[in-house]
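S.K.: Predicted model and sequence below, questions to follow.
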Amino acid sequence: MRVLLILTLCGNFAATAAERPTKPNVLFFAVDDLRPEFGAYGAGYVRSPNLDRLARAGVTFTRAYCQQAVCSPSRTAVMTGTRPDTSKVWDLETHFRKALPDVVTVGQHFKQHGYFVQGMGKIFHGGFDDAPTWSVPWQTPRASGAYARPENVALTQRAPAAAAPGDRRAARKAAKGPRGPAFESADVPDNYYTDGRTADLAVETLRELGKKSAPFFLAVGFAKPHLPFVAPKKYWDLYDPAKITLAPNRFRPRGAPEYAILPGGELRSYHGIPEGPIPDDLARQLKHGYYAAISYMDAQLGRVLDELERSGLRQNTMIVLWGDHGWKLGEHDAWCKHSNSENDTNAPLLLSAPWLGTAGAKSRALVEFVDIYPTLADLAGLPLPGHLEGWSLKPVLEQPDRPWKTAAFSQYPRSNGGRNLMGYSMRTERHRFTVWVERGNPAKVEAIELYDHQADPQENQNLAAEPGQQTLVQRLMTQWRTGWRGALPR
């Protein structure tokens, strides 16, 4: 979902330049479906005191981009430092070890250099754990249930509809059983749901790690604000639904191919969600639930940060927190992720280390999720593996306003009229440029999208076919063909 944070706690979360520790610990947070809409990104109406607390300790990247806006491809890019066309992970069904059996993940790399590496919660996509990454088996604490309210629990206990023979997607859905509602407010303790249990385990683990001599890499994955938007009632009560505004551009991008942004997504599989347009009152309830889920996750994050301080480990610990991709909340008459749009590819990212002295800074540098792995290794003083397809952000952390990459790259596959397409998207300083090609035949261009972020930051008008734009299109096409290597800082 859209931002990454690497932050180091120092004093009251205020970093000053100092000597780099020999082997700093790493506290590595992954957050599911978190878009850059909370206090640190200027959205003061979202209650996020602990995310904001982290932001004050490091560099907030306002233009960080995932490599593909869906869970498994994005998380694979972060963990392996490779792009989807290298890992061959473009869906939720493929493990990266199939194409890259010997790749060394970021956790594995730290483990090979003397770190104790432990993971909990959602780090890799569900069902795709990677045992070589960890020093001890990864685990996800079990919640009391997906829902707390009896009427919602009852919905999930109905007999699922049978899947047609050969329909793998329907078969998986049937195996999971029926879905409950898309949101829930229940008067229950925080650890009724998964994220509360994960925070419990993380706090307990930090207490144990404080007794060990080896440096650690602790990965903690929070599930919210992923659907369903379930959170204890006290987090819903933080918001006045009458003050929640709806997306201003509830229409498809004009002039874009019809497959560029699709209206469906996993939201449609939840009980009570219509197939057509989402009514305003329901859209407001969904946004209310999304914000409540952020605040709930934020509180669990705070508990872990508090324990890090209490343990005395903060002086020697880097923190990374990232949302795996962005998320649409009604923009372009669509919900969820699954596109190359700015809403879906731009995700939260903050990076910091206490010895750099740039706490509280913001950077508009174009950065990518494949940069996380080399950045962490570089900050820890580890060698960089040769397979990496990202670039260490250490120079940007030292000087947040310095010139950096000329573009960031994302992609998304589509099936259209029986043909398999891939949309390759390039985000430059001013433009988003997306080229749709036939998979297996990249010379066959099906469509082009061009958005001018200076005049149209919401990407509402595709300019690619408009008169007077062809010189720009050709210039961007030349840049696009050079790929990510051509965009690296000089």
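M.R.: Ah, there it is.
S.K.: Next up, the contacts around Leu155.
M.R.: 147, 178-181, 271 (Cβ atoms under 8 Å, 6 or more residues apart in numbering). For glycine as for every other residue, the C-beta is placed from the backbone atoms N, C-alpha and C.
S.K.: Would you mind giving the secondary structure of Ala154?
M.R.: helix (DSSP: H, G, I helix; E, B strand; the rest coil).
S.K.: meant to ask about Gln474
M.R.: Following three-state DSSP, the label given to Gln474 is helix.
S.K.: Could you shift the numbering so residue one becomes 630, and keep it that way?
M.R.: Sounds good: first residue 630 from here, last item Gln1103.
S.K.: Can you tell me which one of the contacts of Leu784 sits lowest on pLDDT?
M.R.: Note: of the contacts of Leu784, the lowest pLDDT belongs to Pro807, at 65.
S.K.: any idea how far the residue positioned nearest the centre of the chain is from Ser1039?
M.R.: With distances taken as Cα atoms, centre = their mean, Asp953 lies nearest the centre of the chain, 1.4 Å away. In this structure, Asp953 and Ser1039 are 13 Å apart, going by Cβ to Cβ, to the nearest Å.
S.K.: Quick one, which of the contacts of Leu784 are buried?
M.R.: 776, 807-810 (16 or more other Cβ atoms under 10 Å).
S.K.: would you turn those residues into TSV with secondary structure and distance to Gly673?
M.R.: As requested, the buried ones among the contacts of Leu784 are exported to TSV (DSSP: H, G, I helix; E, B strand; the rest coil; distance: Cβ to Cβ, whole Å):
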residue	secondary structure	distance to Gly673
Tyr776	coil	30
Pro807	coil	38
Arg808	coil	33
Gly809	coil	32
Pro810	strand	29
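S.K.: and which of the residues you listed is nearest Val707?
M.R.: Using Cβ to Cβ, Arg808 comes nearest to Val707 of those, at 27.5 Å.
S.K.: Am I right that the residue nearest to the centre of the chain is in contact with Ser703?
M.R.: Yes: here Asp953 reaches Ser703: they are 4.4 Å apart, a contact under Cβ atoms under 8 Å.
S.K.: if we can go back for a sec, who are the contact partners of the residue nearest to the centre of the chain?
M.R.: 630, 659-663, 695, 700, 703-704, 707, 976.
S.K.: lowest-pLDDT helix or strand in this protein?
M.R.: Lowest on mean pLDDT, DSSP states H and E among the helices and strands of the chain sits strand 632-637, with a mean of 42.
S.K.: picking up where we left off before, now do the shared contacts for Asp953 and Ser1039.
M.R.: Cys695.
S.K.: Return the closest of the contacts of Asp953 with respect to Gly736.
M.R.: Using Cβ to Cβ, the contacts of Asp953 come closest to Gly736 at Val707, 10.7 Å.
S.K.: pretty sure the closest one is in a helix, no?
M.R.: Yes: counting by three-state DSSP, Val707 is part of a helix.
S.K.: what about it, neighbour count?
M.R.: Using other Cβ atoms under 10 Å, Val707 is surrounded by 27 other residues.
S.K.: any idea how far Pro713 is from it?
M.R.: Counting by Cβ to Cβ, the gap from Val707 to Pro713 is 12 Å.
S.K.: Equivalent analysis for Ile923, please.
M.R.: 27 Å.
S.K.: who's more crowded, these two?
M.R.: Using other Cβ under 10 Å, the more surrounded residue of Ile923 and Pro713 is Ile923, with 28 against 25.
S.K.: Over to that one. Which of the three states is it?
M.R.: helix.
S.K.: residues contacting it?
M.R.: Taking Cβ under 8 Å, 6+ apart, one finds 663, 667, 675-677, 853-854 in contact with Ile923.
S.K.: for Arg1043, helix, strand, or coil?
M.R.: Arg1043 is classified as strand under three-state DSSP.
S.K.: What's the local residue count around it?
M.R.: Arg1043: 19 neighbours (other Cβ under 10 Å).
S.K.: now swap in Ser1054 and tell me
M.R.: Neighbour tally, Ser1054, other Cβ under 10 Å: 28.
S.K.: Can you give the strand pairings for the helix or strand hosting it, parallel or anti for each?
M.R.: Here Ser1054 sits within strand 1048-1057, counting by DSSP states H and E. Strand pairing for strand 1048-1057, determined by DSSP bridges: strand 1036-1045 (antiparallel), strand 1060-1067 (antiparallel).
S.K.: Return the set of buried residues in it.
M.R.: 1050-1057.
S.K.: Same question for stretch 1106-1119.
M.R.: 1108-1109, 1113, 1116.
S.K.: Turn those residues into TSV, columns for secondary structure.
M.R.: Compiled in TSV, these are given as follows (three-state DSSP):
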residue	secondary structure
Gln1108	helix
Trp1109	helix
Trp1113	helix
Ala1116	coil
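S.K.: Tell me the predicted confidence for Arg1119.
M.R.: The predicted local confidence for Arg1119 is 87.
S.K.: One more: Thr645?
M.R.: pLDDT, Thr645: 44.
S.K.: sorry, back to before: TSV for the buried residues of strand 1048-1057, including pLDDT and distance to Trp719?
M.R.: Shown next, in TSV, are these (pLDDT from 0 to 100; distance: Cβ to Cβ, whole Å):
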residue	pLDDT	distance to Trp719
Leu1050	97	12
Met1051	98	8
Gly1052	98	11
Tyr1053	98	12
Ser1054	98	14
Met1055	98	18
Arg1056	98	19
Thr1057	98	24
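S.K.: Contacts for stretch 925-936 next, please.
M.R.: With Cβ under 8 Å, 6+ apart, stretch 925-936 has contacts from 638, 656, 658, 660, 663, 667, 676-680, 682-683, 819, 822, 824-825, 827-828, 831-832, 835-836, 849, 851-854, 860-861, 864, 948, 950.
S.K.: If any of those residues are buried, put those into a ChimeraX selection.
M.R.: Command for ChimeraX that selects the buried part of those, burial taken from 16+ other Cβ under 10 Å:
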select :638,656,658,660,663,667,676,677,679,680,682,683,819,822,824,825,827,828,831,832,835,849,851,852,853,854,860,861,864,948,950
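S.K.: any idea how far the residue lying closest to Gly941 once chain neighbours are set aside is from Leu937?
M.R.: Closest residue to Gly941 apart from its sequence neighbours, by Cβ to Cβ, 6 or more residues apart in numbering: Gly839 at 6.9 Å. Plainly put, Gly839 is 9 Å away from Leu937 if you go by Cβ to Cβ.
S.K.: Neighbour count: those two, which is higher?
M.R.: A count of neighbours by other Cβ under 10 Å puts Leu937 above the other of Gly839 and Leu937, at 22 against 14.
S.K.: No further questions, thank you.
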